[in-house]
Every structure is written in C-alpha cells, then in structure tokens.
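J.: Structure, please.
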Amino acid sequence: MSQARDDPLRTIASLGLQWPAVRRYGGTAIRPAVLVTVGLVVAALLPISVVANGPALCPFKLMTGLPCPGCGMTRSVVTLLHGDLGASLFYHPLGVVVVALAVAVALVDGWCWWRRSAPARSSPVWLLDRIMLSPAPWVAIGGLTVVWFVRLPLYVAGIWVF
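T.: Next up is the predicted model:
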C-alpha cells in the first residue's frame, strides 16, 4: 500500500486526470470543430504519393476484391487539399462534397463554440443531433450508393481504378 503512495507516476497521473480537468480539456478536444480541423490539416500535410501509391486499407476491398462505396475518398480529399481537383474527382466524385461539409460543420461548431464561452453550454452534441435527425445521413447513403453503382461496373471492366 505504501508503495502505491510513493509512486510518483501514479501521483502525477491521479492529479492530471481528475474529472473536472478531463471534462474541461477532453470535451474541447473532441469537438467537431477541433476534430475536423485537425483531420483536414493532417490530410493537407500528407504527401499525395503516400495515399496514391500506398496499399489498399479498405477491409471490404481486401476481403472481396471489390471497392466499397467509399473507396478512394481519402485519396480524393488529400488531392483536393493539395489543389488537384481533377485527381480528386477521379479518385471519388464525392470527395469535394465531403471536404465542403467538413469545413461547414467545423465553421458552424467553431462559431457556436466561440459565441458560448461557458463550457457547460457549448456541448457539440446539439450539432451532431441536428445532423443525424435531418435527412442528411440518408442523402449521404444514397449519394454513395449511386456513385458506387456507377463506378462498380467501370471497375469490373477495368476502366476505373480505385
């Protein structure tokens, strides 16, 4: 028992991970404005050669040999953030839409976060609830399905490479 009290790492961890600190700083880190911004910055800093020539990481494609509805989305977003619209549309036509929606969500959440300075009132849950209760998820699923049904025969014929 005395060994646990004398452990400096355990003492530091217990002080740093107190619930108010986790709630205050952890809640800030998982806001849509923060997550989307960090994701877009990482995608913009990622070299195109890494995603364009890298191995396929899609579990659906690895198991079936066929691309999933979202295959090529990462390459599309990375090439778009590097300024190559043609390559972005080639990799996945909805990459532009994904980036535009991500920026819109980050801006709306960031603006609301800035307007409400009290941490208890600025929960990101309201934005996600609004999005999920709207037709947006069904529109996204429909859009991905339409693009997949157009691209899949082209992929099988060897015309379109994912």
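J.: Which parts of this protein are helices?
T.: 2-5, 8-16, 19-21, 27-29, 32-45, 48-52, 59-64, 73-81, 85-91, 95-115, 125-133, 136-156 (DSSP state H).
J.: Residues in contact with the fifth one: which ones?
T.: In this structure, residues lying in contact with helix 32-45 by CB atoms under 8 Å, 6 or more residues apart in numbering are 28, 74, 77-78, 81-82, 99, 102-103, 105-107, 109-110, 113, 124, 127-128. Heads up, the C-betas are built off the backbone N, CA and C, glycines and all.
J.: now the angle from that helix to helix 95-115?
T.: 140 degrees (axes from the mean of the first three to the mean of the last three CA atoms, to 10 degrees).
J.: May I see the buried residues of helix 32-45?
T.: Across helix 32-45, burial judged by 16 or more other CB atoms under 10 Å covers 32-37, 40, 43.
J.: just how off-centre is that helix within its chain?
T.: Centroid separation for helix 32-45 versus its chain: 8 Å, with CA atoms, centre = their mean, to the nearest Å.
J.: And the residue lying closest to residue 110 once chain neighbours are set aside, how far from residue 134?
T.: Closest residue to residue 110 in three dimensions, ignoring its sequence neighbours and counting by CB to CB, 6 or more residues apart in numbering: residue 33, at 3.8 Å. According to CB to CB, to the nearest Å, residue 33 and residue 134 sit 19 Å apart.
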